[in-house]
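1. My questions are about this predicted structure, shown below with the sequence.
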Amino acid sequence: MSARGRGHGRSVVATLWATAILLGPTSVVGQQPSAPPVDPFGLGRPASAEEIATLDIDVMPDGTGLPAGSGTAADGAVTWVRACRGCHGSNGEGGTAAPLVGRDPDARPPTVGNYWPYATTLYDYINRAMPRPTPGTLSPDEVYGLVAWILSKNDIIGADTVVNAESLPGVVMPARDRFVPDNRAGGAVVRD
Amino acid sequence: MAQHTSTPAVTRGHLTRRQVLAAAAMGAAAVAPTSGQQAVETTRRLGRSPNGLDQRSPFVTPQRDPSSTSSRTPLQDLRGTITPADLHFERHHGGVPEIDPSEYELLIHGLVEQPTIFTLDDLTRFPATSRICFLECSGNLRRGSPETLPQMVCGLTSQTEWTGVLLSTLLEEVGAHEDATWFLAEGQDAAVMTRSIPMEKAFDDAIVVYAQNGDALMPGNGYPARLLLPGWEGNASVKWLRRIELANRPFMTREETSKYTDPLGDGSQSRQFSFVMDARSIITDPAYPRVLERGWHEIRGLAWSGRGRITRVDVSTDGGGSWQAADLQDPVLPKAHVRFRLPWRWDGDESEIMSRATDETGYIQPTWETLRAARGPQTRYHQNPITSWTIGANGQVLFGAERLRS
């Protein structure tokens, strides 16, 4: 972290600048911020809500970013055969791409059932990067259906559960508590 | 000027270019009888004219080693610390996109006063900064067989003089909120690559870079602009950067949950957000496939740490029984590759040479056994063990693969 620190947004700089102006030039020699506080460079243009919406596709664990739409495992099965099975296998057991189904905590490579901490990440990732040859082409209903199919295959939700923006954040994944923060900090000890 | 006239290949006192090339291809022994002829030959024919874009000598052919997802820097072919841009390693998750710079835009939004879109021209007009630092993929270790090049052991690291605008400058421009604790960096590739980054890094030394060794970024390294997080695992320095969103919590993307996390111990826990690359080194010469002659050699390699400066590199020529401090080539920069060198006389006995880096935090590059004991058998990322090269009585140098068994 630099000496300037975090959380020194425009308001903090502006306060410093205003103080400098109030105190006058002779009292602030060497203390003025090196750059003016407001629109110091004036570069870039304001982003419109529409422009942001076009790119802002991320989904967070609390469901922020999930769109309207819904799907069940039965819906997902149709899309799975068309778009996913070729690489991930008929039952998500893996093939040229990673396995997605399996609850055995010791099985490797890891699966959604034994390693993924948040169900919302499934929506986010399928929507942004799958299917591999034609990413970004699935509708929200198709993505919700695939999420439901994968979660159902992992026995995390029931076969008839409707997955949507309301239900998905409430799904508790088996690996929810497996992750710990990085405790490495340099020094003489190789951290376990 | 003496000229060889005793070999049939000599014509008018010197070899033809074809004959010189053929002799070179046959090896040094074949060239020896005509030593000096090339130095004459090239003076009797005009060379090529100045050109628009130079190329390496046809005798110099370094190559990255590509797989379906990455290509590895030929560490054994390089002698300095700056990686030529076309030899910088690549690792990408959805291929290399082709981006027209005139249509490139970077959106910064979320917990900011003014969501803003910057063009490439905007980014280059901000005050610029340059920094020499390494990048390294956190999956940068192959244990392999004895017939393994330095490039294959850990060629997923390279070094560049990067130029761009400090991310903190952009965040001041848009007015970052004080309650923002994380930001999402998102790429414009087919993986729409995403990582959550703590805001501390944004205000420490993060840079949005648009130049690589003074030139535009190579496409495989994020043209026209990428994030650069010095000292941190490479995938977090998101390439083809299209969007930064400030938030008060991490986004928990696939690349920081399912991937790039490190199972610990018996595998029931995983370390998450393990960003910093620990200290490491590798001897790049002598290395496989070199065959040594007896006599004097200089042991050469690279060392680096994501936590700051390398303070020493120790080299052993007896398999770790004893160690000597190597010379470090100035300047020793923080979070940067440094060259180390140690003179050595090989007496023809079977030997094992290895290097061990220490950084300014006091961290000492561990052995494979120490790493495994600390992390357990399942960790795949952030493996930085001491590696070695063995030299047989016949001079053949091989990778010390046995040290990385288990």
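-> Now that the structure is in, tell me what you want to look at. Residues are numbered from 1 along each chain as shown, chains lettered A, B, ... in the order given.
2. Tell me who's in contact with residue A:95.
-> By CB atoms under 8 Å, 6 or more residues apart in numbering or on different chains, residue A:95 lies in contact with A:86, A:87, A:88, A:89. Every residue, glycine included, has its C-beta placed from N, CA and C.
3. What pLDDT does the model give the last one?
-> Here, the pLDDT recorded for residue A:89 equals 98.
4. For it, which non-adjacent residue is spatially closest?
-> residue A:95 (4.6 Å; CB to CB, 6 or more residues apart in numbering or on different chains).
5. What of the third one?
-> Excluding the flanking residues, the one nearest residue A:88 by CB to CB, 6+ apart is residue A:97, at 5.1 Å.
6. Also the first one?
-> On the basis of CB to CB, 6+ apart, the spatially nearest residue to residue A:86 that is not a chain neighbour turns out to be residue A:95, at 7.4 Å.
7. all strands in chain A, in order from the N-terminus.
-> Assigned strands in chain A, in chain order: A:45-46, A:70-71, A:163-164, A:179-181 (criterion: DSSP state E).
8. Save those strands as a markdown table, and put in mean pLDDT and distance to chain B too.
-> Below are the strands of chain A laid out as a markdown table (pLDDT from 0 to 100; distance: least, CB to the nearest CB, whole Å):
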| stretch | mean pLDDT | distance to chain B |
| --- | --- | --- |
| strand A:45-46 | 98 | 6 |
| strand A:70-71 | 98 | 19 |
| strand A:163-164 | 98 | 18 |
| strand A:179-181 | 97 | 4 |
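9. Of those, flag the one that's most buried.
-> Of all the strands of chain A, strand A:163-164 has the most neighbours on average by mean count of other CB atoms under 10 Å in any protein chain shown, namely a mean of 25.
10. Sheet partners, orientation included, of it?
-> Here strand A:163-164 is paired, per DSSP bridges, with strand A:70-71 (antiparallel).
11. what's the burial count for residue A:161?
-> As a burial measure, residue A:161 scores 17 neighbours (other CB atoms under 10 Å in any protein chain shown).
12. list the contacts for the residue in chain A positioned nearest to chain B?
-> Going by CB to the nearest CB, chain B is nearest to residue A:186 of chain A, at 2.9 Å. Shown in contact with residue A:186 (CB under 8 Å, 6+ apart): B:278, B:307, B:308, B:359, B:361, B:362, B:363.
13. Show me the contacts of residue A:95 that map onto helices.
-> Those of the contacts of residue A:95 mapping onto helices are A:86, A:87, A:88, per DSSP state H.
14. Now the element after the helix or strand encompassing residue B:300, going C-ward?
-> Residue B:300 is located in strand B:295-304, with elements delineated by DSSP states H and E. Beyond strand B:295-304 on the C-terminal side, the first helix or strand identified by DSSP H and E is strand B:310-316.
15. helices or strands up against that next one?
-> strand B:280-285, strand B:295-304, strand B:324-325, strand B:327-328, strand B:338-346, strand B:351-359 (3 or more CB pairs under 8 Å, 6 or more residues apart in numbering or on different chains; DSSP states H and E).
16. Using CSV, lay out these together with distance to chain A.
-> Formatted as CSV, the helices and strands packed on strand B:310-316 follow (distance: least, CB to the nearest CB, whole Å):
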stretch, distance to chain A
strand B:280-285, 12
strand B:295-304, 14
strand B:324-325, 18
strand B:327-328, 19
strand B:338-346, 17
strand B:351-359, 7
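17. Please identify the deepest-packed of these.
-> Mean neighbour count (mean count of other CB under 10 Å) peaks for strand B:280-285 among the helices and strands packed on strand B:310-316, with a mean of 26.
18. Taking strand B:338-346 as reference, get the angle to that one.
-> Angle, strand B:280-285 to strand B:338-346, by axes from the mean of the first three to the mean of the last three CA atoms, to 10 degrees: 50 degrees.
19. strand partners of strand B:280-285, parallel vs antiparallel please.
-> Counting by DSSP bridges, the strands paired with strand B:280-285 are strand B:295-304 (antiparallel).
20. average model confidence for the partner strand?
-> pLDDT averaged over strand B:295-304 gives 98.
21. The closest residue to residue B:287 other than its chain neighbours: what's it in contact with?
-> Counting by CB to CB, 6+ apart, residue B:287 lies nearest to residue B:150, which is 4.9 Å off, once chain neighbours are set aside. Residues near residue B:150 by CB under 8 Å, 6+ apart: B:75, B:76, B:282, B:283, B:284, B:287, B:288.
22. Please give the centre-to-centre distance between stretch B:359-379 and its chain.
-> 21 Å (CA atoms, centre = their mean, to the nearest Å).
23. Stretch B:281-298 now?
-> Using CA atoms, centre = their mean, the offset of stretch B:281-298 from its chain centre is 20 Å.
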